[in-house]
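*Asks:* Everything below, folded, please.
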Amino acid sequence: MIFSEKLKAERAKRNWSQEELAEKLFVSRQSVSKWETGQNYPSIEVIIKLSDLFEVTIDELLRSDEELKQKVIQESKKLAHPRLKYMFDVVFLLGAALLALKIVLLIASRLTEWEFEVFGGSFLWNFGPLILMVGGGVGSGILKEQYKKE
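*Replies:* Prediction:
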């Protein structure tokens with residue numbers, strides 16, 4: 001039995017209308033209708049809620065519908081990539097912030113008589129921002145390309 005048939009059968013077994021099921025899932029009745037006619041599939045979050053509502057395993061809902069199974073696999077991959085990409089973006093921005101701070105300190109020391117002492121030595125301040133920016137940019141780019149392939 002494919003997902004759309006399974007959903008319709010489970011809903012009918014409980015004597016729920018599409019509207020009642022939609023309210024329980026916090027979606028529109030049209031969404032439920034599209035799922036039951038096979039025009040669309042729910043997100044993984046909704047599949048988990050359906051599993052709980054119908055007291056069936058997620059496996060029972062997914063196993064028979066290959067297209068839905070592939071959609072869930074793709075969604076799970078999408079969830080992993082943004083977190084890692086976010087980390088690389090933060091590393092890049094940290095490098096950019098350190099570079100901006102260095103430039104501000106250099107300008108301030110040239111325009112005023114202030115002298116700034118930097119921690120970590122000149123190597124850290126000269127190459128640290130560059131290393132962070134290149135590392136973050138390259139990592140983010142690799143993830144972006146890998147995500148496109150999948």
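*Asks:* all strands for this protein, in order.
*Replies:* Using DSSP state E, the chain contains no strands.
*Asks:* Run the chain-centre distance for the helix ranked longest in it.
*Replies:* Longest helix in the chain, counting residues (DSSP state H): helix 66-111. Per CA atoms, centre = their mean, to the nearest Å, the displacement of helix 66-111 from the mean C-alpha position of its chain is 13 Å.
*Asks:* could you say what helices and strands that helix packs with?
*Replies:* Helix 66-111 sits against helix 44-54, helix 58-62, helix 121-149, with contacts defined as 3 or more CB pairs under 8 Å, 6 or more residues apart in numbering; DSSP states H and E. For every residue, glycine as well, the C-beta is placed using N, CA and C.
*Asks:* right, and these - which one's nearest Phe3?
*Replies:* Phe3 lies closest, by CB to CB, to one member of those: helix 58-62, at 6.3 Å.
*Asks:* Which one, of the helices and strands packed on helix 66-111, ends up nearest to Glu10?
*Replies:* Nearest to Glu10, of all those, is helix 44-54, at 4.4 Å by CB to CB.
*Asks:* Can you list the buried residues in the closest one?
*Replies:* Buried residues in helix 44-54, counted by 16 or more other CB atoms under 10 Å: Ile44, Val46, Ile47, Lys49, Leu50, Ser51, Phe54.
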